Structures are given as structure tokens and as C-alpha cells.
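1. model this:
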Amino acid sequence: MRIVIAEDSVLLRTGLTKLLTDAGFDVVAAVPDGEALLRAVDEHEPDLIVVDVRMPPTHTDEGIRAALVVRRLHPGVAVLVLSQYVEERYATDLLSGRTSAVGYLLKDRIARVADFLDALRRVAAGGTVLDPEVVAQLLVRHRSDSMDLLTPRELEVLRLMAEGRSNAGITEALKVSNSAVEKYVSNIFTKLDLPPAGSDHRRVLAVLRFLRSRGSAG
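-> Numbering: from 1, shown residues only. Now for the predicted structure:
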């Protein structure tokens, strides 16, 4: 897998490069800002980019804006965005279009190397990964009537679904049977009135709905 890293911190950029290289990935470029990221993507045509939300010159949203340009001009490139804090507006921007091959994680997750690498692989394979803190805040702040229909256990299952867990992964995390998880998932789709879809990304639509509504409300 060919990866481009965009991170303005020399220390973190170097650390990410070593981490991913040691894990068997091919880091074809590691750059300090959004403009350099766009040039690197054009030049190397990577499979995935890892991007910091805030980069020079203003350290506000240069990274996320560059990631959105990559999503538009290079739809085959997976995008994993890293942020120091939960910033719902940026998550909204990132996920307002296609929900495949995209992830939003807090930088703290990098320290959990195995989980971070797993998330990276899932995004590269076309999955959607949301940081648990993002999911938790959305579930707390943006409850709706339909969300109020969910039981505490269904909310817990929804949170794990939005993190990208498979049914088997949810079964393991909650120590319940696979049939119980299937029932929870079915109940969630029914209560949130989510129509059948031919894609696994239906599993995160319940959370993405909040992201999108938050964006339109702002």
C-alpha cells in the first residue's frame, strides 16, 4: 500500500513514517502542508493519505481542505484525517459526500498502534472509521426523536458500528451472541428508518446523519 503523510510537526511526521514503514507500508512522501500534499498525490498516486486537519500557514483548516480536494480530484485515494481534538464541523465536511474509504481519528489513537494500523487498513479497503470520541459526542449532543427510540444496548451497538466494527467484532466486544447482535442491528435500521442499501456503509449512516444535519444547521 502506497501512502502519503501530511503533517506539519516534524516529530510526528517522522514517527508516522517509521511506524508505517515498519508495519510494511510504502510511505512514498511525507510533507508539511496542504499544497505539498496535493503535489505529492498528483506525483505519486497513492492508495491512501494520512492528513492532519490543521496545517500551515494558518493552522486552521488547511489540512481538511486539502483532503477534500483529494477526495474530489482523486476519488480512488482513501483518506484518513487526524485531529488533536474532536471537531465536528471538519468531520461533517469530510463525510458530507461519499462515506467510503474515509476515516476521522484523534491523534491519541496513534499510540494504540495495533488499533491505528487496523483502522488504516479498513479505510484503505473502502471502509469508514470514526473516532469513538466523535461518535460519543454526536450521540449525546444531537439526539432526535428517532434516536430516543433506541435502547441503551442499541445505542452501544450503534457506537461500535460507527467505529467500523463488524458484527463479529461487536459480538466480541459486548460478549453476546451473534444472533443477538444481528437483532440489535436490524432494530437500529428499522427505528432510524434507514432503507436497505447495497453497501456496508449503511452501517454508519445512523451516525453520519447527525454529522450532515450538524453541517446544514451550522
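2. show me what counts as buried in stretch 158-177.
-> Across stretch 158-177, burial judged by 16 or more other Cβ atoms under 10 Å covers 158-165, 167, 170-171, 174. The way it works is simple: take the backbone N, C-alpha and C, and place the C-beta from them, glycine included.
3. now do the same end-to-end measure for it.
-> 16 Å (Cα to Cα, to the nearest Å).
4. ok now that stretch, how far from the chain's centre?
-> 16 Å (Cα atoms, centre = their mean, to the nearest Å).
5. okay, now the domains of the protein?
-> 2-130, 135-217 (automatic domain parsing).
6. can you lay out those as JSON lines showing mean pLDDT?
-> Listed next are these as JSON lines, based on pLDDT from 0 to 100:
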{"stretch": "domain 2-130", "mean pLDDT": "91"}
{"stretch": "domain 135-217", "mean pLDDT": "72"}
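7. hey, which of those domains is tucked in deepest?
-> Among the domains of the chain, ranked by average contacts under mean count of other Cβ atoms under 10 Å, first place goes to domain 2-130 (a mean of 18).
8. contact partners for the residue sitting nearest the centre point of the chain?
-> Relative to the mean C-alpha position of the chain, the nearest C-alpha, by Cα atoms, centre = their mean, is the one of Gly103, at 1.9 Å. Neighbour list for Gly103: 78-81, 119-120, 122-123, 127-130, 164 [criterion: Cβ atoms under 8 Å, 6 or more residues apart in numbering].
9. helix or strand for the residue lying closest to it once chain neighbours are set aside, which one?
-> Leaving out its chain neighbours, the residue that sits closest to Gly103 by Cβ to Cβ, 6 or more residues apart in numbering is Val129, at 3.7 Å. In this structure, Val129 sits in strand 128-130 according to DSSP states H and E.
10. all helices for the protein, in order.
-> Remark: helices assigned in the chain by DSSP state H are 10-22, 34-44, 62-73, 88-95, 113-124, 132-141, 145-148, 152-162, 167-174, 178-191, 205-217.
11. make CSV out of these and add distance to Pro56.
-> Compiled in CSV, the helices of the chain are given as follows (distance: least, Cβ to Cβ, whole Å):
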stretch, distance to Pro56
helix 10-22, 12
helix 34-44, 8
helix 62-73, 7
helix 88-95, 17
helix 113-124, 24
helix 132-141, 25
helix 145-148, 39
helix 152-162, 31
helix 167-174, 38
helix 178-191, 42
helix 205-217, 25
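12. and these: which comes nearest Val4?
-> Between Val4 and these, the tightest spacing by Cβ to Cβ is seen for helix 34-44, at 4.8 Å.
13. that closest one: how far from the chain's middle?
-> Taking mean C-alpha positions (Cα atoms, centre = their mean), helix 34-44 and its chain are 21 Å apart.
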